[in-house]
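[1] Only the shape, not the letters, is given here:
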Ligand SMILES: N[C@H](CCC[C@H](N)C(=O)O)C(=O)O
């Protein structure tokens, strides 16, 4: 096996290993993905992104793998990072990037931030999905003090809990218990949100398949949509994450736009032994 080149990128500290599978397909097992995700013996990442040739005429297709090896539908911060990289390669700011749940439109702004149109927020119980029919505005599922969620799907599933003090929530302890609650048949990303003003909120996240991350783009989108649904926020607001701030807008047309910075940390080559030794 050859050495595997990669780009290490992050969006507000939500970090990614990006592989280019356009010239030759890259197929890794869940165990191999977990081996690369290891922050001591691998490279370490929250998500792995594999860029593939487009299937429906967009600029590229992106596959998204969580650190636990599972493939998922959406990753907002990674979409922004990939858009920035591909935009420089294509020498144009606007791109379209296919994912397993649809094609996302991206734009690299003059200040270097990247905006992604994550598409329409899905609010139906079967779109989240939940285990049974109910109003997704108030879902009685969780672990104290996170007991009533507003659930939103922005390509991937989120349970958003509004709290008085986000810093006081023991996310490492209760996040995994909510992630695996039987109410959520595809598991779920968990957000604790403290409203600071009609245009600012603080959010902490336990990500499905990863754990606590410094930022979650789709989580910020879901938090804004949930806050608007509960009358707690204007349709455009800043979401303050551990790693920094994302600006999110839920347009009158129902689409969710996310804007924020991206960064390349380094480029590297993965030794074949890391992959071949994976159990
Ligand atoms: N953990 C998420 C995927 C990554 C989401 C996050 N990193 C983002 O920026 O949207 C899930 O299992 O749906």
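    Okay, I see it. In this text the structure is predicted, and so the values were computed from the model without any measurement. Numbering: from 1, shown residues only.
[2] tell me which element residue 87 falls in.
    For residue 87, the host element (DSSP states H and E) is helix 76-90.
[3] how about that helix against the ligand, any contact?
    Yes. Shown here: helix 76-90 in contact with the ligand (CB under 6 Å from any ligand atom) through 76, 77. The C-beta positions use only the backbone N, C-alpha and C, and glycine is treated the same way.
[4] mind checking how far that helix is from the chain centre?
    In terms of CA atoms, centre = their mean, to the nearest Å, the centre of helix 76-90 is found 14 Å from the chain centre.
[5] ok, then the element right after it?
    Counting by DSSP H and E, what follows helix 76-90 is strand 94-99.
[6] low-scoring stretches of the protein, by residue?
    For the chain, no stretch has pLDDT under 70.
[7] which parts of the helix holding residue 87 are buried?
    For helix 76-90, burial by neighbour count (16 or more other CB atoms under 10 Å) applies to 76, 77, 78, 79, 80, 81, 82, 83, 84, 85, 86, 87.
[8] and the residue nearest the centre of the chain, what does it touch?
    What sits nearest the mean C-alpha location of the chain, by CA atoms, centre = their mean, is residue 75, with 3.2 Å. Counting by CB atoms under 8 Å, 6 or more residues apart in numbering, residue 75 touches 16, 47, 49, 64, 156, 217, 218.
[9] make it 10 Å
    Listed by CB atoms under 10 Å, 6 or more residues apart in numbering, the contact set of residue 75 reads 11, 14, 16, 46-49, 62, 64-66, 81-82, 99, 155-156, 207, 216-218.
[10] ok, now residue 215?
    So residue 215 contacts 10-15, 46, 76-77, 203, 205, 207, 239-246, 260 (CB under 10 Å, 6+ apart).
[11] Pull the number of nearby residues for residue 270.
    Under the neighbour criterion other CB atoms under 10 Å, residue 270 is assigned a count of 19.
[12] let me redo that: residue 17
    For residue 17, using other CB under 10 Å, the count is 26.
[13] And the residue lying closest to it once chain neighbours are set aside, how far from residue 233?
    Once flanking residues are discounted, residue 17 sits nearest to residue 45: 4.4 Å by CB to CB, 6 or more residues apart in numbering. As for residue 45, its distance to residue 233 is 31 Å (criterion: CB to CB, to the nearest Å).
[14] same thing with residue 115?
    Distance from residue 115 to residue 233, counting by CB to CB: 19 Å.
[15] more crowded one of those two?
    The neighbour count for residue 115 versus residue 233, taken as other CB under 10 Å, is higher for residue 233 (25 against 19).
[16] my guess is that one contacts residue 220, does it?
    No. Contact criterion CB atoms under 10 Å: residue 233 and residue 220 do not qualify, at 11.7 Å.
[17] picking that back up, counting neighbours, what do you get for the residue nearest to residue 17?
    Neighbour count of residue 45, defined by other CB under 10 Å: 26.
[18] Adjust the sequence numbering to begin at 17 for everything that follows.
    I'll keep to 17 as the first residue from here, and by that count the last item is residue 61.
[19] part of a strand, is it?
    No. Read with DSSP: H, G, I helix; E, B strand; the rest coil, residue 61 is coil and lies in no strand.
[20] I figured it was touching residue 31, is that so?
    Yes. Using CB under 10 Å, residue 61 is in contact with residue 31, at 5.4 Å.
[21] Do you have the helices of the stretch 167-295 of the chain handy? List them.
    Per DSSP state H, counting those that start in this stretch, the stretch 167-295 of the chain carries helices over the ranges 187-195, 233-245, 288-292.
[22] That concludes my questions; thank you for your assistance.
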